[in-house]
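Chemist: sequence and predicted structure below; questions after.
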Amino acid sequence: MTTKAVVFVEKGRAEVQSVPVPKLRDEYMRVSVKAVGLNPTDWKHIDMPMADAGARIGCDYCGVVEEVGSKVTKKFGKGDRVAGFAHGGDLTQHENGAFAQQIVVKGDAQMKLPDNVSDTDAATLGVSVVTVGQGLYRTLGLPLPTEPAHNEDYVLIHGGSTATGIYGIQFARLSGYKVVATASPHNFGYLKELGAEQVFDYKSLTVGEDIRKYTDNKLKLGWDCTGSGSKIIASALSRDGGKYAAIIPPNEDEIKSVNPNVDGPHTTLGYAVLGESFSKFGKDFPAQPEEYEFVKKFTSIAQQLLVDGKLKAPRVILNRGGTGLESALKGLDELRGNKLGRFGDILATTPYMDARYSYVDTLLHCFGNSGDPFDVLQTALDHIFDMLLKDRSDSSAVGNIIPNINYDHGDISIPYIDIEKAGMFESLDVAWLDEHSMELRPVVVVALTKVRILLYLQAMRNSDMPPAAFFLPRFETSSVTSL
C-alpha cells in the first residue's frame, strides 16, 4: 500500500511523492491526516538542509487514529481525533513526517481532541505545546497549570504573537504568573485578551528598559520565541539576574554585555521530547527518556485544558495556497519568504523586485540603527497598512494618529486598495514643512513609508494573489492546510 507524502529530494526542494504507508511501531499510532500546520522548521529542513533524500517533512497535524501500537499506554482507539508533534525530516527514520495522507506518530506524546476543537485549530497544537512545555516548564521552572503559583511573579514572553507565544501566554497565566509580552501594536489587544497583563512594542528602542521599569526590576524569567530577543530580554531582566530560555539560539555575547547576571541563554530543541536519539546540524543527540516522560504528562494536561475550553488556538490562515499536500508546499514557500526581512510577506515576482525590497529594507534598518525614531516610522507603516484594508475615512486611519502625514488627497471614499487610484499620495503639509524645514527625519519617515506602500501595490499588480493577502499580519496567525 502507498500514501502521498511531502518528501525531501535535495537541498531547497521537496515534492509530493507516492511512498509506502509507514509501518506501525510498538510505541506509535497510525493516523489518517485531516489537516497540517506549517512551521519555519519545515522549510529549514528543506533549505539548510536538515533532512536527507527520502525523509518525509512536517511536524504539526490533526487526524484520525487508524491503528494503535501495542506499547502505547494512553487510551487511544480507532476513530479518535488526535493532534500532536511528529519528527519531520528525521534522518534516522524517514517515515516520521506529518505532511502525508497516512503517518505514524509517537503515541503517548499525542493529544485526543474534544469536539470543541476544530481540525484546523488542532493542527496548530503539536509544535507549540511541546515547545511551551520545554521552555516555560522544563527550563524556566514554572509550576504546571494543575498546581498554579500564587506569588504573582512576572514572566516575559518575547514574540508573544507567534503561535508558540500565543500558547505560552495562556499556559503561563494558567500557571499563576503575570505575563508581559512583546509584539507589534496591532496585536496588543489580542494578546491581552489571551491573558497578557501588559504588552510592549518590540520595535521600540527602549522596550527592554520599559519592561524592567514596569516590573520594578523584579523580572526573573524571560522566554524568547523568536531567537532575536537578546538585547530586549537581557535589558528587561532584573539587574540582580534572571533566567533566559529560547527556542532558537540568541546572541549570547549581546546578552552578557547588556546584563552579565543573566543565567543563559538556555536553548531547547523540540525533537528531544520523543525520547529517541536523533541527528541534527551534523551532531548526534542521545535519547532523553526523561523528556518523553515529561511530554506524556504535559500533553495530557494540555488535552484537559482543551476539554475545559481554557486554550485558544492562534488565528489561522486556512488553505491560503489551496487544499492538499501540493498546497502545503506552496504554503512553505510563503513561510520561506519571511526570512527575507520586513518584505518577506510579499510574494516577489522577479529578481528585480527582490532587489528593490532588499534595498528599501536596508534603508529601514539603517534608519532604525542610526539613532533616529525608528519606532515612529514603524508605527506609521503599521497604521497605513491597517488603513489600506479600510475606507480611507475610517477614524483609525493614520492621519488621525500622525497628522503630519497628509494622505487624504481627493475622494476619501476611494480605498487605496484600488490600484488605479494608488497614486494619490500627498506631500507633507506646506505650512508644517516651512516651520520644520531643517528637521529632515519626518521627511524621511514619509518618503520611506510611501516607497514601501508603492512596492506593495506594485507586487499586488504583478501577482495572482488576492490583494488582502499582502496585508495579513506577520506573526498573529498560523498557516494550516487541509488535506
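Modeler: On my side now, so go ahead. Please read all numbers here as calculations on a predicted model, not as lab measurements.
Chemist: how is Val295 assigned, secondary-structure-wise?
Modeler: Assigned with DSSP: H, G, I helix; E, B strand; the rest coil, Val295 falls in the helix class.
Chemist: an error on my part: the question was meant for Phe171.
Modeler: Three-state assignment for Phe171 (three-state DSSP): helix.
Chemist: tally of neighbours for the closest residue to it other than its chain neighbours?
Modeler: Distances taken as CB to CB, 6 or more residues apart in numbering place Val132 nearest to Phe171, at 5.2 Å, with adjacent residues excluded. (Each C-beta comes from the backbone N, C-alpha and C, glycine too.) Applying other CB atoms under 10 Å, we find 27 residues neighbouring Val132.
Chemist: go on, the one 10 residues further on?
Modeler: Neighbours of Leu142 under the rule other CB under 10 Å: 24.
Chemist: where does it sit: helix, strand or coil?
Modeler: coil.
Chemist: first-to-last residue distance for stretch 248-257?
Modeler: Stretch 248-257 has an end-to-end distance of 19 Å (criterion: CA to CA, to the nearest Å).
Chemist: same question for stretch 46-66.
Modeler: Using CA to CA, the two ends of stretch 46-66 sit 29 Å apart.
Chemist: what mean pLDDT does it have?
Modeler: Stretch 46-66 carries an average pLDDT of 93.
Chemist: before we move on, what about stretch 122-138?
Modeler: Stretch 122-138 comes out at a mean pLDDT of 96.
Chemist: kindly report the same for stretch 175-186.
Modeler: Stretch 175-186 comes out at a mean pLDDT of 93.
Chemist: next, the distance between the ends of that stretch.
Modeler: Terminal-residue distance, stretch 175-186 (CA to CA): 26 Å.
Chemist: in it, what's buried?
Modeler: Burial within stretch 175-186, assessed by neighbour count using 16 or more other CB atoms under 10 Å, is assigned to Ser175, Gly176, Tyr177, Lys178, Val179, Val180, Ala181, Thr182, Ala183, Ser184, Pro185.
Chemist: I figured the fifth one hits Ile169, correct?
Modeler: Yes. Taking contact to mean CB atoms under 8 Å, the distance of 5.2 Å between Val179 and Ile169 places them in contact.
Chemist: overlap of the contact sets of those two?
Modeler: Ile157, Gly195, Ala196 (CB atoms under 8 Å, 6 or more residues apart in numbering).
Chemist: make JSON lines out of the residues you listed and add secondary structure and pLDDT.
Modeler: Compiled in JSON lines, the shared contacts of Val179 and Ile169 are given as follows (DSSP: H, G, I helix; E, B strand; the rest coil; pLDDT from 0 to 100):
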{"residue": "Ile157", "secondary structure": "strand", "pLDDT": "98"}
{"residue": "Gly195", "secondary structure": "coil", "pLDDT": "96"}
{"residue": "Ala196", "secondary structure": "coil", "pLDDT": "97"}
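Chemist: which of the residues you listed has the most neighbours?
Modeler: Most neighbours among the shared contacts of Val179 and Ile169, by other CB under 10 Å: Ile157, with 34 neighbours.
Chemist: just give the nearest non-adjacent residue to that residue, would you?
Modeler: Ala181 (4.6 Å).
Chemist: in contact with the one you found, which residues?
Modeler: By CB under 8 Å, 6+ apart, Ala181 lies in contact with Leu156, Ile157, His158, Gly160, Ser161, Gly165, Ile169, Leu191, Ala196, Gln198, Val199, Phe200.
Chemist: host element of the residue nearest to Phe171?
Modeler: helix 125-132 (DSSP states H and E).
Chemist: contacts for that helix next, please.
Modeler: Contacts of helix 125-132 with the rest of the structure, by CB under 8 Å, 6+ apart, involve 37, 39, 41, 59-62, 83-86, 98, 109, 111, 163-164, 166-168, 171, 247, 268, 270, 273, 295, 298-299, 302, 313.
Chemist: and that helix, what's buried?
Modeler: For helix 125-132, burial by neighbour count (16+ other CB under 10 Å) applies to Leu125, Gly126, Val127, Ser128, Val129, Val130, Thr131, Val132.
Chemist: can you redo the residues you listed as CSV with distance to Asp308?
Modeler: As requested, these are exported to CSV (distance: CB to CB, whole Å):
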residue, distance to Asp308
Leu125, 15
Gly126, 19
Val127, 22
Ser128, 18
Val129, 15
Val130, 20
Thr131, 21
Val132, 17
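Chemist: quick check, nearest of these to Arg13?
Modeler: Using CB to CB, Val127 comes nearest to Arg13 of the buried residues of helix 125-132, at 22.8 Å.
Chemist: roughly how far apart are the closest one and Ser18?
Modeler: Applying CB to CB, to the nearest Å, the value for Val127 to Ser18 is 26 Å.
Chemist: cool, and Pro286?
Modeler: Pro286 is 35 Å from Ser18, by CB to CB.
Chemist: how about Ala100?
Modeler: 10 Å.
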